[in-house]
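Participant: just a sequence and a predicted model for now, questions to come.
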Amino acid sequence: MDKISNKSENLIINLLYASFVFSLVYLFGLGIGLKINIMLQVLIVFLGSMMVKFFLLNPLILYGIIAISSIITILIHRFAAPILFTIVERVLYLSKNIIANFRGKENIASDNILLFWGILIILVSLFTAFILFRGKTIYLLLPIYISTFLYYWYNFFNQAYWMISIFLIAFFILMGLDKYSKKKIQNLYAPWLKTLTNYSILIVFIALLLPKNYNYIEWFWLQQKVYTAFPFVENLRSYDKYTRKSGEAILFDFSTTGFQSKISKLGGPVNLSNKKIMTVYADDSIYLRGNVKHVYTGDSWDSILKPLYDYKLGEDFSKLTYKEQQYFYKEEHIIITNNDFASTTLFSPYKPSKVNFKDNHILKVNNDDVIIFPNGVYDRESYTIEIQKPLPYGILVSTGMENKKTYLPDLNIYLQIPNEKITERIRNLVNEIVKDAENDFGKAVAIENYLRTNYKYSLDVKYVPEHREFVDYFLFEEKRGYCTYYATSMAVMLRLAEIPSRYIEGYLAKDLIEDGIYEVKHENAHAWVEAFIEPVGWMTFEPTPAYPVESRLENYQLNESHKNMELNESRENIRTHRNDIDGQIIDSDQIAMDEMKPNYEENYEDTSTGLPSNTIGLFIVLLLLIIPLKSLVGLLQYSYGEAKAKKLSNNKRVIYLYQQILRLKELMGCPQLYGETHYEYANRIAYKFHSYDDIGIKEITEIFVKSKYSNSISSDENVLKLEMYRKTMEKRLKNYLGKMRYYYQKYVKGIY
C-alpha cells in the first residue's frame, strides 16, 4: 500500500508541478507575442518541465550531455563548418534583444520569441522543481507566482484571472498533500486526496462565482495623493468599463464632466472631478472640441442632427484646397491617449483634417467638423489628429482670405434665437456694445471684452430660477458664473448682432506636466464660442475671464508689393476651387511645390532703414552674383555626396541616412540632447513626428541601431524605409521653413 501510495503521490505532484509551470509561462508567452495553439503549449511545457526535473535530480547526466555536446560542436567547427561564430552571434543577438525588451526599448523579435519562451520554461521549471523536489517549503512559490499573476492582470492580460485559478487549485491540493505526508496516516490516501481535490476546486469555483461589479467608492482626493506619491499606480489596470473587451464607448456629453448637473438645462452648482481622462501631446495648450450646439431654447442648447460623411483613416476631410492650406493654415499634429476613459467622440482643435488610429475603421464627420469614431477609443488607446490651424486674423485679412456668410451652409441655424424669450434689455445692451464697431470682427471682440470685464467668474452659483431666460438672468441679476454662462451669453449676443455663432463644448488642454505633454481631467471641461467672421471664416472666442485670449494680430500688414502679389494669386486660386471642394480630397504629394508659403514673420512693413538706394542696389547685385554661384556649388556637392552614398553597403547607407534625418529634425527645432541615447531621443520626439505610411521615428531608430551596433545585415527594404522617411522630413522642413529658406539652407549653407 505504501508503494502504491508513493507512486500515486509522485504522479499527482508531477502533474501539479507541470500545472504551476504552465500557469506562469502561458502568461509569459502572451506577453512576448507567442502564437502557438494552447494544447501544443501544454504538451511543450509538460515535456520541458519533466526534463528540467530529471536533470535537476540527475545533474551528472546533464554535465555529461553538456560535455559531449561541447566536444561535438568544437569538432564540427574545426573540421566541417565554423558554427561557433554563428552560435555566439545568435546568443549575442538574443541577449541584446532580451535586455532591450526588459528596458522597454523594443519588443522580442519574431525569430527570438520561441527561443526566449523556451528559456522561460527552463527558468520557471527550475525554480518550481527546486521547491517541490528538493524539500523546500512550498510557501516560497506564493510570492513569485502571485506577484507575477497580479502584474499581468494589472497590465490588462485577462487570462491571468484563469491562470491564478489554476495555480490556486493546484496549490491547495499541494498543501493537503504536504500535510498528509507529514501525518503519515496509512490507508487514508485515496479518500484524503478525493476530499482534498474536491474542496480545492470548490473553494476556487465559489470565489469565481461571487458577484462582481464596478460600483466602487471614489475618493478623488485620496486617489490624487496616491498618484502623486506613486505615479506608476495610475498606469495599473483601470476598471473594465473603459476597456475595449468589457466596456462601451459613448458619445461625449457635457453633463458627465460635472459642469452641468442636468443634461438639458444650463447653469447651477457644479460637481467637479479631478479624474484624469486624457494625455495630450501638443506644442501648446489647445481647445479640444467635443460637440457643437446650434439651437438655443432659453435655458439649454440642442444640436441639429447634420449629415455625417464617411472617411477612411488618414484621409483628408478638411475640404480645403492645397492652396488654402498653404496660405491660410499651419499644419500641426497632436496625439491624444485616453486614460480610464472611453468615447466614440474624437476630440480635436479646429480645424481637423486627418485622423490616424491603429486599425482601419471608418470615421464619421459632419459639416461642423465634429468627428465620430463608431468603433470607439478606449483606455490606453491613442489617436493622432492632423489639424489645419488657421493663421491669426490679421494675417488672414492681409493675405486675402475671402470667406463670406453666403458660403456658409444652413446660415439660419447659426443665427437662430428664441425671439419670444429674448428680452428687450438684452437687445439694447448688444446694440450699445457694438455701436462703435466697424465690422463683424470689431463687434465680436467688443462683446467678448464686455463679458470678460464686467462679470465675475465663479463656480459658486445657484440654480437658475424656473421660467427665467438664462442669458437675461446672468447678464442682469446673477452677474457671476462659469464657462457655460459666458459662452451662452456671447453666442446669443453675436446672433443678435447678425454674426453667425456656434456653442462649443469640450476640454481645454492647459495643464502642462512635461514639455509638450498636457494632462486633461474632467475639471478641464470647458465651453466656448466660435463665430463666423468675414472675411476669414470661423474663429474661436473666449468670453470666460478665467482663460486667456489668443493673439489675433489685428494690426498685421504685409509689405505692399508682396501683399498685392499674394492677394491676387490667392484670391484667384480660391475662387477657382471654391465650387469644387465639397468632398474633394487633394493629395499634396501629387502637386508640384512651385509656390512659396509667405514667411509672415519677415514681411512686416519696415520703414526704419536709413540705407541709401545705391547701397541697397549694390547689395542686391552682390546677392544676385554670389548666391547662385554658391547654390550651384552646393548642388554639385550634394549630388556628389548622394552618388557616393549609393555605393555604400546597406548598413553604412542606413547610418548615412539616419544622420541626415537627425539634422533635418534639428533644423525643425528638435535636436538630440547631449548624453541622450538614440532610443531616448526617439521616444521624446515621437509625438511631434508621427508615423508616415506606418513608418515612424521609433522604427527608423530601431533600424539604425541594429545596422550600426549589431552584426546583422540591413536589408534593401530598410534602406528604402529610411530614404522615404528622409524624403518626408525634407518635405516637412520645406513647409516649415518656406521654399526659399529651405533651398538656401540646403544648397547655400549646406543642411548636411
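Facilitator: The structure has been received and is ready for your questions.

Participant: quick check: Val355 touching Ser382?
Facilitator: No: using Cβ atoms under 8 Å, Val355 is not in contact with Ser382, being 11.4 Å away. Backbone N, C-alpha and C define where each C-beta goes, glycine included.

Participant: who's more crowded, the two?
Facilitator: With neighbours defined as other Cβ atoms under 10 Å, Val355 and Ser382 compare such that Val355 has more, 21 against 17.

Participant: helix or strand: which one has that one?
Facilitator: strand 352-356 (DSSP states H and E).

Participant: same deal with Glu666?
Facilitator: Assigned by DSSP H and E, Glu666 falls in helix 650-667.

Participant: relative to helix 650-667, how tilted is whichever helix or strand comes after that helix?
Facilitator: Tracing the chain past helix 650-667, the next element assigned as helix or strand by DSSP H and E is helix 678-685. For helix 678-685 and helix 650-667, the angle between their directions (axes from the mean of the first three to the mean of the last three Cα atoms, to 10 degrees) works out to 40 degrees.

Participant: which secondary structure elements does helix 678-685 contact?
Facilitator: Under the contact criterion of 3 or more Cβ pairs under 8 Å, 6 or more residues apart in numbering; DSSP states H and E, helix 678-685 touches helix 697-709.

Participant: so for the helix it packs on, what gets flagged as buried?
Facilitator: Ile697, Lys698, Glu699, Ile700, Thr701, Glu702, Ile703, Phe704, Val705, Lys706, Ser707 (16 or more other Cβ atoms under 10 Å).

Participant: quick one: contacts of it?
Facilitator: Helix 697-709 is contacted by residues 106, 650-651, 654-655, 658, 661, 678-679, 681-683, 685-686, 689, 691, 712, 714, 718, 721-722, 725 when judged by Cβ atoms under 8 Å, 6 or more residues apart in numbering.

Participant: PyMOL command for the buried members of those residues?
Facilitator: Buried residues within these, by 16+ other Cβ under 10 Å, are selected in PyMOL with:
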select buried, resi 106+651+654+655+658+661+678+679+681+682+683+685+686+689+714+718+721+722+725
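
Participant: now do the same contact list for Met493.
Facilitator: By Cβ under 8 Å, 6+ apart, the neighbours of Met493 are Ile426, Leu429, Val430, Ile433, Ile447, Val471.

Participant: what pLDDT does the third one get?
Facilitator: We have a pLDDT of 96 for Val430.

Participant: angles on the backbone of the closest residue to it other than its chain neighbours, please.
Facilitator: The shortest distance from Val430 to any non-neighbouring residue, by Cβ to Cβ, 6 or more residues apart in numbering, is to Leu496 (4.5 Å). With angles defined as degrees, to the nearest 10, Leu496 sits at phi -70, psi -20.

Participant: and Val280, by the same measure?
Facilitator: The phi/psi pair for Val280 (degrees, to the nearest 10) is phi -120, psi 130.

Participant: and the contacts of Met493, which two are furthest apart?
Facilitator: Greatest spatial distance in the contacts of Met493: Ile433 and Val471, 13.6 Å, computed using Cβ to Cβ.

Participant: so for those two, which residue has more residues nearby?
Facilitator: Val471 (26 against 20).

Participant: which element is the more buried one on?
Facilitator: helix 470-473.

Participant: beyond that helix, next helix or strand please.
Facilitator: strand 480-481.

Participant: packing partners for that following strand?
Facilitator: By 3+ Cβ pairs under 8 Å, 6+ apart, strand 480-481 packs against strand 456-457.

Participant: now the strand it packs on: average pLDDT?
Facilitator: pLDDT averaged over strand 456-457 gives 94.

Participant: cool, stretch 393-409 as well?
Facilitator: Mean predicted confidence for stretch 393-409 is 88.

Participant: okay, buried residues for that stretch please.
Facilitator: 393-403, 405, 408.

Participant: not counting sequence-adjacent ones, nearest residue to Glu538?
Facilitator: Wrong residue type there; residue 538 is Trp, not Glu. Glu530 (5.0 Å).

Participant: each with direction, which strands does whichever helix or strand that neighbour is part of pair with?
Facilitator: Following DSSP H and E, one finds Glu530 within strand 525-533. With DSSP bridges as the test, strand 525-533 is paired with strand 501-509 (antiparallel), strand 537-541 (antiparallel).

Participant: could you pull up phi and psi at Asn375?
Facilitator: According to degrees, to the nearest 10, Asn375 has phi -70, psi -20.

Participant: residues in contact with it?
Facilitator: Applying Cβ under 8 Å, 6+ apart, the residues near Asn375 are Ala249, Thr344, Asp359, His361.

Participant: thought the first one was touching Asp379?
Facilitator: No: no contact is recorded between Ala249 and Asp379 when judged using Cβ under 8 Å, the distance being 9.9 Å.

Participant: residues shared between the contacts of these two?
Facilitator: Ala342.

Participant: got the buried residues for stretch 133-148?
Facilitator: Per 16+ other Cβ under 10 Å, stretch 133-148 contains these buried residues: Ile138, Leu141, Tyr145, Thr148.

Participant: and that stretch, how far out from the chain's middle?
Facilitator: 40 Å (Cα atoms, centre = their mean, to the nearest Å).

Participant: any idea how far apart the tips of it sit?
Facilitator: 22 Å (Cα to Cα, to the nearest Å).

Participant: contacts for that stretch, please.
Facilitator: 17, 20, 23-24, 27, 53, 56-57, 127-128, 130-132, 164, 167, 171, 174-175, 178.

Participant: one more time with 7 Å, if that's ok
Facilitator: 20, 24, 53, 56-57, 127-128, 130-131, 167, 171, 174-175, 178 (Cβ atoms under 7 Å, 6 or more residues apart in numbering).

Participant: understood, closing this out.
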